[in-house]
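Q: sequence plus predicted model, see below.
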Amino acid sequence: MIPKVPLDKQIKKAVNGDEATAYAAKQSLVDVVAAYPITPQTIIVEKFSEFVANGEVYTEFVPVESEHSAMSAVIGAAAAGARAFTATASQGLALMLENLYIASALRLPLVLVVANRALSAPINIHCDHSDAMMMRDAGWVQIFAENTQEAYDTTIQAFKIAEDPEVQLPVAVNLDGFILSHTLEDIYMLPDEEVQKFLGGYRKPVKTYVDYLGKEVEVKLDPSNPISIGPLDLYDYYFEHKVPQAVAMEKVKEVVKRVNEEWFELSGRKYGDGVIDAWGVEDADVVVAVLGSTSGTVRYVAKELRKEGKKVGVLRIRLFRPFPFDEVRDLLKEVKVVGVMDRALSFGSFGPSFLEISTALQGIRNSPLMVNYIYGLGGRDVPPSHVKQVFNELEEIMKSGEVGKRLRFLGVRER
Amino acid sequence: MGDKSSVKEPRGWKSLPLGALPYRLSLDYKTGDWRALKPVIDYGKCVNCMLCWLYCPDSAILWDGKKVFMNYDYCKGCGICSDVCPTKAIKMVPEGE
Ligand code: SF4
Ligand code: SF4
């Protein structure tokens, strides 16, 4: 299929993951950016302030004094009807946390890029997913990109997903710190006007009926139709205000899939069905599930093993919130052993993806045996040899039928 | 507007406006019953400087063109007005006295 914008009409540019998302935001007619720099997200903020200084965008750029303020400022901007964007990582995301819950409950379609980085202590600037997993209950849509091209594509898609009338939720785009954020890759970008057409121009706030105004108004702070957003709500209405968040989440999967297809027709690029990017899973005995950039390494190893005749597959989860339970269940129900690789740990429990996939497979007769591998904390490298070890162990489990230790640490020194 | 908003039937989530928007006006929340201490103005001492009016965090002090007065439906009894009054015209008296 020839995309609407063929490759020779796209802009080829060598950029790192941070720059890719900054370019995506630049093309997305963002009204307000409020951000505070933190490694490894810094380049996004630097690059975007460059666009502002050069007059390349009409965006109001607010250089705030902390991430708490960054999130507060974009919440305010979005509540006023603006398309707003910010980016952070690690401790910065931790500082944003209380406001993340507010953004989603107010149904503000913000876009946040997280350049995933470990949380202190000990202080560490390198990649893991502890920061993203900290916000998994905050009511945000969470997507994990595998490479820089996908980080660019997904950041643009994120605005469309967030602003869909059925969704109206904030979206976090995750890219692995340094591995993607700082690594130069040739990517293809669409011309500005194609991105703007794809998004339907500037943001248009949705309408809702307000009793005391006696009419439908746009959900935004507007002196001619004054509304209060998020005031006191006790045991009488708080619960009724939370249920719609859960209901909106149920709509997200279909929108992500549709946007993935629309983007494919436009650019020629798509990522699985949008929520899961599976490789070799159909007839696989053994599957490794993984998020983010490590998926590339796992697929590389899986391809090598396929050449040796091993029936192995890779399940890359692209959409983590809402979690694609039905899709995971359908893809994995016939598999014999599933190894879930998590770049984060819920201390006292398992890795977050392991918990989700276990839930997805719950209740299936002869459901697959499952093992959880915690890997790459604090940026620890994951060479193909480690992934090969995972596949070998999974094969042994398949042969013996014995799972043994369910929580394993990959690539960590003992003694 | 006040009348329109005093809906008696509790609403279900399907008929609430989008995004943590209350369907009632905040005016329907009479926060005056949170008060333990009540501000009372001694008009003999008041010089109409309007500092209390400016400082009240609940906009519960009003101006009728001649004098300031409290709207006890919303005054929470924080005592800020009493604190900022330059002539010590506002006394905080325990509720019920
Ligand atoms: S006590 Fe507090 S709330 Fe009440 S009128 Fe004085 S300043 Fe306002
Ligand atoms: S601050 Fe005191 S003097 Fe000034 S208007 Fe209020 S009550 Fe009167």
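A: Yep, it's here. Ligands and ions are numbered 1, 2, ... in the order given.
Q: switch to C-alpha atoms for all contacts and neighbour counts from now on
A: OK.
Q: I'd like the next helix or strand past the least confident helix or strand in chain B by mean pLDDT.
A: Within chain B, no helix or strand scores below helix B:2-5, which has a mean of 43 by mean pLDDT, DSSP states H and E. Where DSSP states H and E defines the elements, the next helix or strand beyond helix B:2-5 is strand B:37-41.
Q: distance check, the closest residue to A:Val259 other than its chain neighbours against chain B.
A: Counting by CA to CA, 6 or more residues apart in numbering or on different chains, A:Val259 lies nearest to A:Gln157, which is 6.6 Å off, once chain neighbours are set aside. Taking CA to the nearest CA, to the nearest Å as the measure, A:Gln157 falls 22 Å from chain B.
Q: do you know how far A:Gln157 is from A:Ala172?
A: 11 Å (CA to CA, to the nearest Å).
Q: please apply the same query to B:Lys14.
A: For B:Lys14, the distance to A:Ala172 - CA to CA - is 27 Å.
Q: quick check: closest non-adjacent residue to the residue nearest the centre of chain A.
A: Compute the mean C-alpha point of chain A, and by CA atoms, centre = their mean the closest residue is A:Ile143, 1.9 Å away. Closest residue to A:Ile143 apart from its sequence neighbours, by CA to CA, 6+ apart: A:Leu319 at 4.6 Å.
Q: does that neighbour touch A:Phe144 like I think?
A: Yes: if you go by CA atoms under 8 Å, A:Leu319 and A:Phe144 touch, sitting 6.5 Å apart.
Q: who's more crowded, these two?
A: Neighbours per residue, other CA atoms under 10 Å in any protein chain shown: of A:Leu319 and A:Phe144, the larger number sits with A:Phe144, 27 against 23.
Q: next, that one: phi, psi?
A: phi -110, psi 120 (degrees, to the nearest 10).
Q: just the pLDDT for it.
A: pLDDT, A:Phe144: 99.
Q: same check on A:Ala80?
A: On the pLDDT scale, A:Ala80 gets 97.
Q: point out where chain B drops to low pLDDT.
A: Filtered on pLDDT under 70, chain B yields the residue ranges B:1-8.
Q: show me which residues of it sit near ligand 2.
A: Residues of chain B lying close to ligand 2 by CA under 6 Å from any ligand atom are B:41, B:46-52, B:68, B:85-87, B:89-90.
Q: from those residues, which would you call buried?
A: Listed as buried from the residues of chain B next to ligand 2 are B:Ile41, B:Cys46, B:Met50, B:Cys52, B:Val68, B:Cys85, B:Ala89, B:Ile90; burial here means 16 or more other CA atoms under 10 Å in any protein chain shown.
Q: in CSV: those residues, plus distance to ligand 1 and secondary structure.
A: Output for those, formatted as CSV (distance: CA to the nearest ligand atom, whole Å; DSSP: H, G, I helix; E, B strand; the rest coil):
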residue, distance to ligand 1, secondary structure
B:Ile41, 10, strand
B:Cys46, 14, coil
B:Met50, 12, coil
B:Cys52, 7, helix
B:Val68, 10, strand
B:Cys85, 10, coil
B:Ala89, 12, coil
B:Ile90, 8, strand
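Q: which one of those is nearest A:Ala162?
A: B:Cys52 (44.4 Å; CA to CA).
Q: close to ligand 1: what parts of chain B are there?
A: When proximity is defined as CA under 6 Å from any ligand atom, chain B approaches ligand 1 at B:39, B:56-58, B:60-61, B:70, B:75-81.
Q: what phi and what psi does the backbone show at the residue nearest to A:Ile143?
A: Torsion angles at A:Leu319 (phi, psi; degrees, to the nearest 10) stand at phi -100, psi 110.
Q: not counting sequence-adjacent ones, nearest residue to A:Val275?
A: Nearest to A:Val275 is A:Leu319, by CA to CA, 6+ apart, at 4.7 Å.
Q: now for A:Gln157 and A:Ala172: what residues contact both?
A: Taking CA atoms under 8 Å, 6 or more residues apart in numbering or on different chains as the criterion, A:Gln157 and A:Ala172 do not both touch any residue.
Q: follow-up on the earlier one: the residue nearest to the centre of chain A reaches A:Asn174, doesn't it?
A: Yes: the criterion here is CA under 8 Å, and A:Ile143 meets it with A:Asn174 at 6.0 Å.
Q: ok, the residue sitting furthest away from the middle of chain B - contacts?
A: Farthest-out residue of chain B from its mean C-alpha position, per CA atoms, centre = their mean: B:Lys14, at 32.0 Å. By CA under 8 Å, 6+ apart, B:Lys14 lies in contact with A:Pro244.
Q: secondary structure class for the residue in the stretch 201-350 of chain A positioned nearest to ligand 1?
A: Sorted by distance to ligand 1 under CA to the nearest ligand atom, the residues of the stretch 201-350 of chain A start with A:Leu232, at 16.8 Å. On the three-state scheme (DSSP: H, G, I helix; E, B strand; the rest coil), A:Leu232 is labelled coil.
Q: quick check: it vs B:Leu16, distance?
A: 15 Å.
Q: and the stretch 1-150 of chain A, which residues reach ligand 2?
A: Counting by CA under 6 Å from any ligand atom, no residue of the stretch 1-150 of chain A sits close to ligand 2.
Q: how about the helices in the stretch 1-150 of chain A?
A: A:17-27, A:42-53, A:67-79, A:90-105, A:130-134, A:148-163 (DSSP state H, counting those that start in this stretch).
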